[in-house]
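Undergrad: Using only what follows, build the 3D model:
(chains A and B)
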Amino acid sequence: MACLRQGGQGGGGGENMPYNVLIVDDSQTMRKVIRKSVTISGFDLGDCWEAGDGQEALKLLSLHGVDLILADLNMPVMNGLEMVRELQKKEEYCHIPVVLITTEGSEKRLEEAYAIGIKGYIQKPFHPETLRDVLSRIMEGTHA
Amino acid sequence: MLENLRQTVISVVSNVFETMFFLTLELQEEGGAEGMSSLTSSSTFFRGEIGFHGRQSGRLRLYLPSELAKAMATNFLGLEEGTATESQTQDMVSELCNVVCGNLLSQLDRKTVWDLSLPRTLPISSSEIKKEDEGSGIMLSFNTEGDEVRVNIQIE
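TA: So this is what the prediction gives:
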(Lines give C-alpha, C1' and ligand atoms only; values in the text may rest on other atoms or scores of the structure.)
Protein backbone atom coordinates (compact mmCIF):
# COMPACT_ATOMS: atom_id res chain seq x y z
CA MET A 1 0.00 0.00 0.00
CA ALA A 2 1.47 3.37 -1.00
CA CYS A 3 1.44 6.07 1.65
CA LEU A 4 -0.23 9.13 0.16
CA ARG A 5 0.08 11.52 3.08
CA GLN A 6 3.11 13.67 3.86
CA GLY A 7 4.54 15.15 7.06
CA GLY A 8 4.05 14.11 10.66
CA GLN A 9 0.96 13.93 12.82
CA GLY A 10 2.10 16.44 15.47
CA GLY A 11 1.53 19.53 13.36
CA GLY A 12 5.10 20.70 13.94
CA GLY A 13 7.01 22.89 11.55
CA GLY A 14 4.03 24.93 10.41
CA GLU A 15 3.77 28.56 11.61
CA ASN A 16 6.88 28.24 13.81
CA MET A 17 5.55 25.15 15.59
CA PRO A 18 8.38 22.99 16.92
CA TYR A 19 8.65 19.36 15.84
CA ASN A 20 7.56 16.56 18.16
CA VAL A 21 10.10 13.75 18.08
CA LEU A 22 10.05 10.10 19.13
CA ILE A 23 13.44 8.52 19.88
CA VAL A 24 13.57 4.70 19.66
CA ASP A 25 16.70 2.98 20.98
CA ASP A 26 17.19 0.13 23.45
CA SER A 27 20.05 2.02 25.10
CA GLN A 28 18.76 4.55 27.61
CA THR A 29 22.15 6.24 27.44
CA MET A 30 21.91 6.63 23.68
CA ARG A 31 18.34 7.98 23.89
CA LYS A 32 19.51 10.69 26.28
CA VAL A 33 22.51 11.53 24.10
CA ILE A 34 20.37 11.73 20.96
CA ARG A 35 17.87 13.99 22.75
CA LYS A 36 20.70 16.22 23.96
CA SER A 37 22.28 16.30 20.50
CA VAL A 38 18.98 17.26 18.87
CA THR A 39 18.59 20.08 21.39
CA ILE A 40 22.09 21.50 21.02
CA SER A 41 22.05 21.10 17.25
CA GLY A 42 19.56 23.96 17.04
CA PHE A 43 16.79 21.78 15.57
CA ASP A 44 13.36 23.13 16.55
CA LEU A 45 12.43 20.43 19.10
CA GLY A 46 9.00 20.39 20.71
CA ASP A 47 7.85 17.43 22.79
CA CYS A 48 10.20 14.46 22.84
CA TRP A 49 9.27 10.89 23.78
CA GLU A 50 11.47 7.83 24.20
CA ALA A 51 10.86 4.15 23.48
CA GLY A 52 13.12 1.14 24.10
CA ASP A 53 12.01 -0.84 21.03
CA GLY A 54 9.67 -0.74 18.04
CA GLN A 55 6.70 -2.17 19.88
CA GLU A 56 6.94 0.44 22.61
CA ALA A 57 7.23 3.09 19.90
CA LEU A 58 3.96 1.96 18.28
CA LYS A 59 2.20 2.26 21.65
CA LEU A 60 3.51 5.79 22.14
CA LEU A 61 2.41 6.76 18.64
CA SER A 62 -1.16 5.90 19.54
CA LEU A 63 -0.98 8.39 22.42
CA HIS A 64 0.98 11.32 21.01
CA GLY A 65 1.24 13.38 17.84
CA VAL A 66 4.70 12.77 16.42
CA ASP A 67 6.37 14.61 13.52
CA LEU A 68 9.60 12.65 13.29
CA ILE A 69 10.97 9.29 14.47
CA LEU A 70 14.66 8.71 15.19
CA ALA A 71 15.25 4.97 15.48
CA ASP A 72 18.01 2.49 16.07
CA LEU A 73 18.12 -0.67 13.97
CA ASN A 74 19.39 -3.37 16.33
CA MET A 75 16.83 -3.63 19.16
CA PRO A 76 15.13 -6.46 21.07
CA VAL A 77 11.41 -7.31 20.73
CA MET A 78 10.87 -5.31 17.51
CA ASN A 79 13.87 -3.96 15.60
CA GLY A 80 14.01 -0.77 13.54
CA LEU A 81 13.18 -2.35 10.17
CA GLU A 82 10.27 -4.33 11.61
CA MET A 83 8.94 -1.11 13.14
CA VAL A 84 9.15 0.76 9.81
CA ARG A 85 7.28 -2.09 8.10
CA GLU A 86 4.52 -1.85 10.72
CA LEU A 87 4.33 1.93 10.31
CA GLN A 88 3.99 1.59 6.55
CA LYS A 89 0.96 -0.67 7.00
CA LYS A 90 -0.94 1.98 8.94
CA GLU A 91 -2.39 4.98 7.16
CA GLU A 92 -2.18 7.13 10.29
CA TYR A 93 1.57 6.54 10.70
CA CYS A 94 2.99 5.79 7.25
CA HIS A 95 3.65 9.46 6.51
CA ILE A 96 5.81 10.06 9.62
CA PRO A 97 9.44 10.39 8.50
CA VAL A 98 11.81 7.86 10.06
CA VAL A 99 15.55 8.49 10.34
CA LEU A 100 17.77 5.57 11.33
CA ILE A 101 20.53 6.40 13.81
CA THR A 102 22.61 3.26 13.88
CA THR A 103 26.03 1.71 13.71
CA GLU A 104 24.84 -0.21 10.65
CA GLY A 105 26.77 0.54 7.49
CA SER A 106 25.94 -2.38 5.20
CA GLU A 107 24.93 -1.15 1.74
CA LYS A 108 22.35 -3.92 1.27
CA ARG A 109 20.66 -3.28 4.59
CA LEU A 110 20.51 0.46 3.98
CA GLU A 111 19.07 -0.13 0.52
CA GLU A 112 16.44 -2.34 2.12
CA ALA A 113 15.70 0.31 4.75
CA TYR A 114 15.22 3.05 2.14
CA ALA A 115 13.09 0.70 0.05
CA ILE A 116 10.65 0.13 2.89
CA GLY A 117 10.35 3.81 3.68
CA ILE A 118 13.05 5.41 5.85
CA LYS A 119 13.84 9.00 4.92
CA GLY A 120 17.38 9.29 6.22
CA TYR A 121 20.30 7.61 7.90
CA ILE A 122 22.95 8.75 10.37
CA GLN A 123 25.80 6.47 11.40
CA LYS A 124 26.88 6.43 15.06
CA PRO A 125 28.99 8.06 16.31
CA PHE A 126 27.78 11.40 14.94
CA HIS A 127 28.28 15.10 15.50
CA PRO A 128 25.24 17.28 16.38
CA GLU A 129 25.80 19.29 13.15
CA THR A 130 25.31 16.13 11.08
CA LEU A 131 22.08 15.45 12.92
CA ARG A 132 20.83 19.00 12.36
CA ASP A 133 21.68 18.92 8.64
CA VAL A 134 19.92 15.61 8.02
CA LEU A 135 16.85 16.48 10.11
CA SER A 136 16.47 19.94 8.58
CA ARG A 137 16.69 18.55 5.04
CA ILE A 138 14.09 15.89 5.77
CA MET A 139 11.65 18.13 7.63
CA GLU A 140 11.89 20.84 4.95
CA GLY A 141 11.00 18.14 2.44
CA THR A 142 7.84 17.23 4.32
CA HIS A 143 6.54 20.81 3.99
CA ALA A 144 7.60 21.32 0.36
CA MET B 1 44.11 -10.33 6.58
CA LEU B 2 44.99 -10.11 10.30
CA GLU B 3 47.21 -7.06 9.77
CA ASN B 4 44.39 -5.34 7.85
CA LEU B 5 41.98 -6.17 10.66
CA ARG B 6 44.44 -4.90 13.27
CA GLN B 7 44.94 -1.57 11.46
CA THR B 8 41.20 -1.11 10.96
CA VAL B 9 40.51 -1.83 14.64
CA ILE B 10 43.08 0.78 15.68
CA SER B 11 41.59 3.37 13.34
CA VAL B 12 37.95 2.67 14.29
CA VAL B 13 38.49 2.50 18.06
CA SER B 14 40.52 5.72 18.04
CA ASN B 15 37.91 7.53 15.96
CA VAL B 16 34.98 6.34 18.11
CA PHE B 17 36.65 7.36 21.40
CA GLU B 18 37.57 10.75 19.95
CA THR B 19 34.08 11.44 18.58
CA MET B 20 32.05 10.10 21.51
CA PHE B 21 34.24 11.04 24.47
CA PHE B 22 36.91 13.48 23.20
CA LEU B 23 39.52 10.94 24.37
CA THR B 24 42.77 10.35 22.51
CA LEU B 25 44.02 6.77 22.47
CA GLU B 26 47.66 5.78 22.20
CA LEU B 27 48.39 2.24 21.02
CA GLN B 28 50.46 0.16 23.43
CA GLU B 29 52.28 -3.04 22.61
CA GLU B 30 49.91 -6.00 22.17
CA GLY B 31 48.36 -7.31 25.37
CA GLY B 32 49.85 -10.40 26.91
CA ALA B 33 49.20 -12.76 29.76
CA GLU B 34 50.24 -10.25 32.40
CA GLY B 35 46.74 -8.77 32.31
CA MET B 36 45.64 -5.19 32.66
CA SER B 37 47.81 -4.13 35.53
CA SER B 38 50.64 -2.33 33.81
CA LEU B 39 48.99 1.05 33.29
CA THR B 40 46.09 1.18 35.67
CA SER B 41 45.81 0.79 39.41
CA SER B 42 42.15 -0.19 39.10
CA SER B 43 41.32 -3.72 40.23
CA THR B 44 37.81 -3.78 38.80
CA PHE B 45 36.81 -3.46 35.19
CA PHE B 46 33.83 -3.61 32.88
CA ARG B 47 33.84 -6.06 30.03
CA GLY B 48 31.49 -5.25 27.16
CA GLU B 49 30.81 -7.93 24.58
CA ILE B 50 28.98 -8.14 21.27
CA GLY B 51 28.75 -10.97 18.75
CA PHE B 52 28.64 -10.63 14.96
CA HIS B 53 27.62 -12.90 12.13
CA GLY B 54 27.99 -12.40 8.39
CA ARG B 55 30.71 -13.48 5.97
CA GLN B 56 32.52 -14.47 9.15
CA SER B 57 31.38 -14.85 12.73
CA GLY B 58 32.98 -13.84 15.98
CA ARG B 59 32.80 -11.49 18.90
CA LEU B 60 34.32 -8.25 20.09
CA ARG B 61 35.14 -7.47 23.70
CA LEU B 62 36.09 -4.17 25.32
CA TYR B 63 37.77 -3.96 28.72
CA LEU B 64 37.60 -0.67 30.59
CA PRO B 65 38.76 0.14 34.14
CA SER B 66 35.64 0.88 36.24
CA GLU B 67 36.63 4.43 37.15
CA LEU B 68 37.45 5.33 33.56
CA ALA B 69 34.15 3.83 32.36
CA LYS B 70 32.24 5.79 34.99
CA ALA B 71 33.99 9.03 33.99
CA MET B 72 33.22 8.34 30.32
CA ALA B 73 29.53 7.70 31.10
CA THR B 74 29.40 10.90 33.17
CA ASN B 75 30.93 12.89 30.33
CA PHE B 76 28.79 11.23 27.63
CA LEU B 77 25.56 11.89 29.48
CA GLY B 78 26.55 15.40 30.59
CA LEU B 79 26.12 14.53 34.28
CA GLU B 80 27.73 16.10 37.35
CA GLU B 81 31.19 14.66 38.01
CA GLY B 82 31.12 11.14 39.45
CA THR B 83 27.34 10.78 39.39
CA ALA B 84 26.91 8.15 36.66
CA THR B 85 25.32 5.03 38.15
CA GLU B 86 26.59 1.49 37.55
CA SER B 87 23.60 0.84 35.32
CA GLN B 88 24.29 3.95 33.22
CA THR B 89 27.96 3.00 33.01
CA GLN B 90 27.19 -0.54 31.87
CA ASP B 91 24.71 0.76 29.30
CA MET B 92 27.35 3.16 27.96
CA VAL B 93 29.94 0.35 27.64
CA SER B 94 27.40 -1.81 25.79
CA GLU B 95 26.61 1.03 23.40
CA LEU B 96 30.32 1.64 22.90
CA CYS B 97 30.76 -2.05 21.90
CA ASN B 98 27.86 -1.69 19.49
CA VAL B 99 29.33 1.43 17.88
CA VAL B 100 32.86 0.05 17.64
CA CYS B 101 31.72 -3.29 16.21
CA GLY B 102 29.24 -1.78 13.72
CA ASN B 103 31.81 0.69 12.41
CA LEU B 104 34.53 -1.94 12.27
CA LEU B 105 32.46 -4.36 10.22
CA SER B 106 31.19 -1.71 7.83
CA GLN B 107 34.77 -0.54 7.24
CA LEU B 108 35.99 -4.06 6.65
CA ASP B 109 33.17 -5.02 4.30
CA ARG B 110 30.19 -2.78 3.42
CA LYS B 111 28.81 -5.31 0.93
CA THR B 112 28.10 -7.95 3.56
CA VAL B 113 24.99 -7.79 5.73
CA TRP B 114 26.27 -8.21 9.27
CA ASP B 115 24.00 -9.23 12.12
CA LEU B 116 25.02 -8.00 15.54
CA SER B 117 23.88 -9.55 18.79
CA LEU B 118 22.58 -7.35 21.59
CA PRO B 119 25.63 -6.13 23.53
CA ARG B 120 26.04 -6.90 27.22
CA THR B 121 28.39 -5.63 29.90
CA LEU B 122 29.53 -7.20 33.13
CA PRO B 123 31.89 -6.19 35.95
CA ILE B 124 35.06 -8.27 35.91
CA SER B 125 38.19 -8.51 38.05
CA SER B 126 41.77 -8.21 36.78
CA SER B 127 42.40 -11.89 37.60
CA GLU B 128 39.49 -12.91 35.36
CA ILE B 129 40.96 -10.77 32.57
CA LYS B 130 44.25 -12.63 32.92
CA LYS B 131 42.42 -15.91 32.32
CA GLU B 132 40.65 -14.48 29.26
CA ASP B 133 43.97 -13.21 27.91
CA GLU B 134 44.95 -16.79 27.28
CA GLY B 135 42.43 -17.10 24.45
CA SER B 136 43.28 -16.55 20.81
CA GLY B 137 42.40 -13.66 18.52
CA ILE B 138 43.58 -10.08 18.36
CA MET B 139 44.16 -8.22 21.62
CA LEU B 140 45.00 -4.53 21.35
CA SER B 141 45.89 -2.32 24.24
CA PHE B 142 45.50 1.47 24.31
CA ASN B 143 46.49 4.10 26.81
CA THR B 144 44.23 7.03 27.52
CA GLU B 145 44.87 9.53 30.30
CA GLY B 146 46.88 7.01 32.32
CA ASP B 147 44.36 4.19 32.01
CA GLU B 148 44.40 1.14 29.79
CA VAL B 149 41.63 0.17 27.40
CA ARG B 150 41.71 -3.23 25.72
CA VAL B 151 39.97 -4.53 22.64
CA ASN B 152 39.78 -8.23 21.89
CA ILE B 153 38.42 -9.73 18.69
CA GLN B 154 37.86 -13.43 18.15
CA ILE B 155 36.93 -14.75 14.73
CA GLU B 156 35.58 -18.29 14.43
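Undergrad: What residues sit buried inside stretch B:81-94?
TA: B:84, B:88, B:89, B:90, B:91, B:92, B:93, B:94 (16 or more other C-beta atoms under 10 Å in any protein chain shown). Yep, even glycine has a C-beta here, placed from its N, CA and C like the rest.
Undergrad: Can you give me the pLDDT of the fourth one?
TA: Among the per-residue scores, residue B:90 shows a pLDDT of 97.
Undergrad: Now do whichever strand or helix holds it: distance to the chain's middle.
TA: Per DSSP states H and E: residue B:90 is located in helix B:86-108. Mean-position distance between helix B:86-108 and its chain equals 8 Å (C-alpha atoms, centre = their mean, to the nearest Å).
Undergrad: bridging residues for the residue nearest in space to the middle of chain B?
TA: Centroid-nearest residue in chain B: residue B:62, 2.4 Å away (criterion: C-alpha atoms, centre = their mean). Beta bridges link residue B:62 to residue B:48, residue B:151, judged by DSSP bridges.
Undergrad: From what I see, it and residue B:100 are in contact.
TA: Yes. Contact criterion C-beta atoms under 8 Å: residue B:62 and residue B:100 qualify, at 6.8 Å.
Undergrad: The helix holding residue B:90 close to chain A?
TA: Yes. Applying C-beta under 8 Å from any C-beta of the partner chain, one finds helix B:86-108 in contact with chain A at B:88, B:91-92, B:94-95, B:98-99, B:101-103, B:105-107.
Undergrad: same for that helix, what does it pack against?
TA: Helix B:86-108 sits against helix A:28-40, strand A:120-123, helix B:2-21, strand B:44-53, strand B:57-65, helix B:66-77, strand B:115-116, strand B:120-125, with contacts defined as 3 or more C-beta pairs under 8 Å, 6 or more residues apart in numbering or on different chains; DSSP states H and E.
Undergrad: how about a cut-off of 7 Å?
TA: Helices and strands touching helix B:86-108, by 3 or more C-beta pairs under 7 Å, 6 or more residues apart in numbering or on different chains; DSSP states H and E, are helix A:28-40, helix B:2-21, strand B:44-53, strand B:57-65, helix B:66-77, strand B:115-116, strand B:120-125.
Undergrad: To residue A:114, which of these lies closest?
TA: strand B:115-116 (19.1 Å; C-beta to C-beta).
Undergrad: can you list the residues that contact that closest one?
TA: With C-beta atoms under 7 Å, 6 or more residues apart in numbering or on different chains as the test, strand B:115-116 has contacts from A:74, B:50, B:52, B:53, B:54, B:98, B:101, B:102.
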